[in-house]
Each structure stands twice: as C-alpha cells, then as structure tokens.
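A.B. asks: Give me a model of this one.
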Amino acid sequence: MCKKIISVIIPTHKSLSFLKRTILCLEKQKPDTFFFESIVVDDGSNDKTEVWLRRYQGSLDLKSIIFPKNKGRSAARNAGVKISTCSLLLFLDGDMEFDEYFVLNHAKSHYNDNHVTIGRGKYDLISSCRGYAKYLTGRGVMKLDSREIIPGRYFLSGNSSLSRDLFDSVGGFDVGLKSYGEDIDFGVRLESEGAQFQFNSELTVQHLHIRSLDTLFKLSREYGRVTIPELVERYPELRKELKLDWVQKSGITGIIRRLLLRRPFYYIAIVIVRVLNEFRAPGLLYSYLIFRNYYYGYLEHTKEEANT
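C.D. replies: Next comes the predicted model:
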C-alpha cells in the first residue's frame, strides 16, 4: 500500500518551459513533498522534454512516461494512472502554477470515495489575448461560488481530483474521443456511477498559456464536426446543453437566429473581437463565435452523413 496520499498526474506536449514552472510549484509544496508522487507523461514532444525528465534530480518523487508519438491527453492521463500507487489522483496540465498548499488542500477536499473535486482556472499571468483570457476566467463553472455541487458534464480534467477506485470504475478516459469531448464523457460516466462533483474556487491554478483566436476557432469547428456527433449519440440530453436545436425555432425568432449565424454577422463579430482582444471584448461575442464554429462543424458532419 502506498504511504503517500495522492498521485499528481501531468500530461505534457511541447511545453517544457511551462512544465518546469509547474514542477517548481510542486517542489515548493508544504508541509513537504513526501506525501505525494508526481507522474509526468511526455506525449510525443520534440522540445527536449524527454531529456530533461530523464535527468531530473530535484526533490520530487518523479516518475515519467515517454510516448514517442502524440497519443492525446486521454491516453497520457490513463498511462499515468496505470503506474500510480496512491488511492487519490490529481490531474493537472503542464502549464499551471499554484500555491504551496495546493496539493494538500486537494487531498483534504475528499470526504468519501465518490467525491470529485474541480478547482478554478485563472489566466491573469497571460499578457496576450487578454480579452479571451478574462472571458475564460469568468465563464461556466469558473463563475460559481466555492463548494457548489455541479453536474458531471461540467467536469474539467485539468485541476481535478478523485479516488483511484472511482476512476477505475468507469475505465478511465475514452481515448477515442478528441477535441475535449473526453472530459464531458468522463464526467457523465462518473456521475452514472454515483459520483458527486464539487467546484472549489479556493483550489486555483494560474494558466501560463492560452491558444490564439485562430486556433480556438479551428478547434471549435473540429469539436463540432468530430466530437459533438459522438457525444450526442451517446448522451442525447446533451443536444439541449449544446444548443444544437437553437436555430430550429419557427417563426420570426428562428429567422433572426439563422440570420445571426450568416457570414456578415460572423465576420463583424470576428473583427470586433480581434480589435478588443487585448483589452476585453464582450463575453457574449466569444460565446457566439465558439458556438457558431462548432455548430457549423456539426452541420458539416450531418451533411457528410447524409451523403454516405
């Protein structure tokens, strides 16, 4: 039996400079670094991450797994869990900073084996895309009060902890799901096993990296074309959550909604967001652009299906 309390699992991909800062935060944990183990999974990096991990001689009980080729976050996290030895798991990303009692407080947040803790993510340290960073900090579960119970579909793997037994009960993350659908799927399956999800705003991480707007729009389109069809097939109730039938409204309301998704309005929204992104564009515009991209990606999938 592991004498340590919790296994910290970190997938990383081509982000060595950020990973070093995450590891430094782990080295500064109090009361010491002996109550947890750290597992880093290098997911096909080509930036000398493998060399750095193999030569690591710091204060952590650090294990590493090296993937020669990129397999995705789900495969990386599953591999980390496979070699973990503790009864609690803490999932982080390799571009996060946090305070010196962060790991201990995650461990202390668990009062039974069905409990899942989800912490807050902030982007205050990022100097670029500040408008989008502020939007992310204040959207979804991030705007809730601490200790609120939330649905499983809001699960976020980066900055979350749960028991190893609960993880094993659903077979881990689905490696077949890409573009962030794995978190929703994992959360829904956990909830079906009786898991209770609690958002804890006191367990805060600072993200060190943020995607560009172009990458965001591209990934949103891919999410709609590849991931959403799989999710709604498994969980039809997600159609309402994802607003896939939002434009199907009849009458004048439906006409207005469909017009809002046409190219002129879309391009106007993009211009406004690009101009204001270094300050703060209205959050509604970011939500609109994300929705419009994944919705059109979903339409592309339905057309492809109809033609086969």
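
A.B. asks: switch to C-alpha atoms for all contacts and neighbour counts from now on
C.D. replies: Noted.

A.B. asks: Now do the helices in this structure.
C.D. replies: Residue ranges of the helices in the chain, as given by DSSP state H, are 16-27, 49-54, 73-82, 102-108, 130-137, 164-169, 181-192, 213-222, 228-234, 238-241, 251-260, 263-276, 283-306.

A.B. asks: measure E241 to F155 for me?
C.D. replies: 14 Å (CA to CA, to the nearest Å).

A.B. asks: With neighbour numbers in mind, choose between these two.
C.D. replies: Using other CA atoms under 10 Å as the criterion, E241 and F155 rank with F155 on top: 25 against 10.

A.B. asks: The closest residue in space to the more buried one that isn't next to it in sequence: how many residues sit nearby?
C.D. replies: Nearest non-adjacent residue to F155, counting by CA to CA, 6 or more residues apart in numbering: G187, 5.2 Å away. Neighbour count of G187, defined by other CA under 10 Å: 24.

A.B. asks: pretty sure G187 contacts S157?
C.D. replies: No - counting by CA atoms under 8 Å, G187 does not reach S157; the two are 9.1 Å apart.

A.B. asks: so what are the domain limits for the protein?
C.D. replies: Per automatic domain parsing, the domain ranges recorded for the chain read 6-207, 213-306.

A.B. asks: JSON lines please, covering those and showing mean pLDDT.
C.D. replies: Listed next are the domains of the chain as JSON lines, based on pLDDT from 0 to 100:
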{"stretch": "domain 6-207", "mean pLDDT": "94"}
{"stretch": "domain 213-306", "mean pLDDT": "93"}
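
A.B. asks: Could you say which of these is packed most deeply?
C.D. replies: domain 6-207 (a mean of 19; mean count of other CA atoms under 10 Å).

A.B. asks: Can you give me the first-to-last residue distance of it?
C.D. replies: So domain 6-207: terminal residues 22 Å apart, CA to CA.

A.B. asks: Please state the offset of it from the chain centre?
C.D. replies: With CA atoms, centre = their mean, to the nearest Å as the basis, domain 6-207 stands 9 Å off its chain's centre.

A.B. asks: same deal with stretch 216-224?
C.D. replies: Remark: stretch 216-224 is offset 15 Å from the chain centroid, using CA atoms, centre = their mean.

A.B. asks: Can I get that stretch in CSV? Just the C-alpha atoms.
C.D. replies: Provided in CSV are the C-alpha atoms of stretch 216-224 (Å, rounded to 0.1, in the frame of the first residue of the first chain):
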residue,chain,number,x,y,z
LEU,A,216,-9.7,28.4,-30.9
PHE,A,217,-12.0,28.8,-33.9
LYS,A,218,-10.3,25.9,-35.7
LEU,A,219,-10.6,23.6,-32.7
SER,A,220,-14.2,24.6,-32.2
ARG,A,221,-15.0,23.7,-35.8
GLU,A,222,-13.3,20.3,-35.3
TYR,A,223,-15.1,19.8,-32.0
GLY,A,224,-18.5,20.2,-33.8
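
A.B. asks: sorry, back to before: dump the helices of the chain to JSON lines, plus distance to D43.
C.D. replies: Conversion of the helices of the chain to JSON lines gives the following (distance: least, CA to CA, whole Å):
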{"stretch": "helix 16-27", "distance to D43": "12"}
{"stretch": "helix 49-54", "distance to D43": "10"}
{"stretch": "helix 73-82", "distance to D43": "6"}
{"stretch": "helix 102-108", "distance to D43": "23"}
{"stretch": "helix 130-137", "distance to D43": "25"}
{"stretch": "helix 164-169", "distance to D43": "21"}
{"stretch": "helix 181-192", "distance to D43": "16"}
{"stretch": "helix 213-222", "distance to D43": "19"}
{"stretch": "helix 228-234", "distance to D43": "24"}
{"stretch": "helix 238-241", "distance to D43": "30"}
{"stretch": "helix 251-260", "distance to D43": "40"}
{"stretch": "helix 263-276", "distance to D43": "32"}
{"stretch": "helix 283-306", "distance to D43": "26"}
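
A.B. asks: Y123 is nearest to which of the ones you listed?
C.D. replies: helix 130-137 (5.4 Å; CA to CA).

A.B. asks: what helices or strands is that closest one leaning on?
C.D. replies: Judged by 3 or more CA pairs under 8 Å, 6 or more residues apart in numbering; DSSP states H and E, the packing partners of helix 130-137 are strand 115-122, helix 283-306.

A.B. asks: any idea of the angle that helix forms with helix 283-306?
C.D. replies: 80 degrees (axes from the mean of the first three to the mean of the last three CA atoms, to 10 degrees).

A.B. asks: Now do helix 130-137: everything it contacts.
C.D. replies: Identification of contacts with helix 130-137 by CA atoms under 8 Å, 6 or more residues apart in numbering yields 121-124, 126, 142-143, 210, 276-281, 283, 286.

A.B. asks: Closest to F199 out of these?
C.D. replies: For the contacts of helix 130-137, the nearest to F199 is M142 (8.4 Å; CA to CA).
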